[in-house]
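Asker: Kindly generate the corresponding structure for this input.
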Amino acid sequence: MSNDFKFAINSISFDENYQPSDSTRITTNFANLARGESRQENLRNALTMTNNRFNALADWDNPKGDRYSVELEIISVDMDIDKEGKGQSFPTIEILKTNIVDHKTKKRFEGITGNNFSSYVRDYDFSVLLLEHNKGKDTFSIPENFGDLHGKLFKCFVDSDAYQQNFNKSPVICLSVSDNKTYHQTENKHPILGVEYLPNESSLTEQYFKKMGLKVRYFMPPHSVAPLAFYFFGDLLNDYSNLELISTISTMETFQKIYRPEIYNANAVAGKIYKPNLKNADHSLTQIVYDREERSQLAIKQGKLAEENFIKPYQAILEQWSASYAS
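Answerer: Below you'll find the predicted structure:
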């Protein structure tokens with residue numbers, strides 16, 4: 001479409017030497033690990049956990065459990081806001097791309113793009129707009145058109161030439177389950193994704209991602225202790241190879257074990273009826289330092305940054321574009 005925004009894609013390796021850039025949201029999973037005195041040890045440990053998990057799932061023709069390793073790239077997406085070409089851009093989205101190295105065949109190939117998902121506009125929606133809308137109210141409600149702009153921006157990015165030229169397949173985002181919902185195990189089982197669960201109700205996150213064009217399914221992979229939420233376009237079970245799916249599971253389960261150990265590093269496996277509990281004391285901690293309280297405070301700070309530098313200054317342009325955008 002002629003009235004669509006242009007996107008610039010930048011990539012940086014996520015390895016033990018990774019340093020977050022100035023435009024990276026510091027609440028982002030990978031950036032949060034790369035701060036403080038233990039930064040290099042954190043990164044090394046997280047990558048080791050990812051590789052070990054990958055090999056445990058990809059156990060065929062892999063007797064020593066060391067055939068594969070995962071290389072991660074942080075994909076930063078800048079959107080050109082000013083259509084007059086004055087070079088005004090804003091860091092819109094940040095995702096992770098997995099690459100798989102097969103040490104037996106000496107080949108390196110693309111895994112899945114997406115995985116982790118961070119966005120300043122989402123911070124604004126949830127940590128500024130939603131909070132202000134409900135301030136002083138007795139009953140919780142959602143603002144009109146909540147998530148519409150963000151959803152259209154994401155779809156515009158996935159449909160863009162920049163995305164199509166850089167990535168072979170549609171993105172898959174992998175998130176934690178919600179501690180507000182109950183999940184019921186089904187009879188459906190996939191060899192890699194594992195046992196499927198169904199939630200008792202829809203969540204605000206599901207509705208928000210639906211506006212981004214994404215569907216969701218919940219699976220608990222083999223030897224996991226809780227299901228993961230997989231957000232995707234198309235057909236999750238048939239559009240991706242086993243190794244591609246393993247690259248997402250091993251990467252995102254590692255992050256969740258660090259950030260939500262009460263759920264993903266619990267000592268008991270989720271049953272047929274499962275309610276996640278962030279106050280579950282029966283869990284193990286990883287060897288990785290992390291401050292959850294700081295992270296929630298930073299989300300508000302970053303939401304306000306988006307409001308001041310993107311939402312307010314470009315409100316007229318964004319509203320006009322959103323009204324005319326057709327998926």
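
Asker: what comes into contact with stretch 119-127?
Answerer: Identification of contacts with stretch 119-127 by CB atoms under 8 Å, 6 or more residues apart in numbering yields 25, 27, 90-94, 146-147, 149-150, 153-154, 208, 299-300, 302-307, 310-311. Placement of C-beta: from N, CA and C, glycine included.

Asker: of the residues you listed, buried ones?
Answerer: For the contacts of stretch 119-127, a neighbour count by 16 or more other CB atoms under 10 Å gives the buried set as 25, 27, 90-94, 146-147, 149-150, 153-154, 208, 299-300, 302-303, 306-307, 310-311.

Asker: From those residues, which land in helices?
Answerer: 149-150, 153-154, 208, 299-300, 302-303, 306 (DSSP state H).

Asker: Identify the farthest-apart pair in those.
Answerer: Greatest spacing in those, by CB to CB: 154 and 300 (21.8 Å).

Asker: Next up, the contacts around residue 264.
Answerer: Residue 264 is in contact with 176, 224-226, 253, 256-257, counting by CB under 8 Å, 6+ apart.

Asker: try 7 Å this time
Answerer: With contact taken as CB atoms under 7 Å, 6 or more residues apart in numbering, residue 264 is in contact with 225-226, 253, 256-257.

Asker: now swap in residue 270 and tell me
Answerer: 220, 225-227.

Asker: and residue 167, backbone torsions?
Answerer: As for residue 167, its main-chain torsions (degrees, to the nearest 10) stand at phi -130, psi 140.

Asker: Now do stretch 213-233: distance from first to last residue.
Answerer: Taking CA to CA, to the nearest Å, stretch 213-233 runs 7 Å from one end to the other.

Asker: Please point out which parts of it sit buried.
Answerer: 213-214, 216-221, 224-233.

Asker: residue ranges for the helices of the stretch 101-250 of the chain, please.
Answerer: Per DSSP state H, counting those that start in this stretch, the stretch 101-250 of the chain carries helices over the ranges 120-124, 130-134, 148-159, 161-166, 204-211, 236-239, 242-259.

Asker: Need those in a markdown table (columns: mean pLDDT).
Answerer: As requested, the helices of the stretch 101-250 of the chain are exported to a markdown table (pLDDT from 0 to 100):
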| stretch | mean pLDDT |
| --- | --- |
| helix 120-124 | 91 |
| helix 130-134 | 91 |
| helix 148-159 | 95 |
| helix 161-166 | 94 |
| helix 204-211 | 95 |
| helix 236-239 | 97 |
| helix 242-259 | 95 |
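
Asker: Including distance to residue 75, could those helices go into a markdown table?
Answerer: Output for the helices of the stretch 101-250 of the chain, formatted as a markdown table (distance: least, CB to CB, whole Å):
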| stretch | distance to residue 75 |
| --- | --- |
| helix 120-124 | 15 |
| helix 130-134 | 27 |
| helix 148-159 | 11 |
| helix 161-166 | 8 |
| helix 204-211 | 18 |
| helix 236-239 | 19 |
| helix 242-259 | 13 |
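
Asker: Residue 71 is nearest to which of the ones you listed?
Answerer: Nearest of the helices of the stretch 101-250 of the chain (CB to CB): helix 242-259, 9.7 Å.

Asker: how about low-confidence regions in the protein?
Answerer: Counting by pLDDT under 70, the chain contains low-confidence ranges at 1-3, 20-38, 82-87, 289-296, 327.

Asker: From the centroid of it, which residue is nearest?
Answerer: residue 116 (2.4 Å; CA atoms, centre = their mean).
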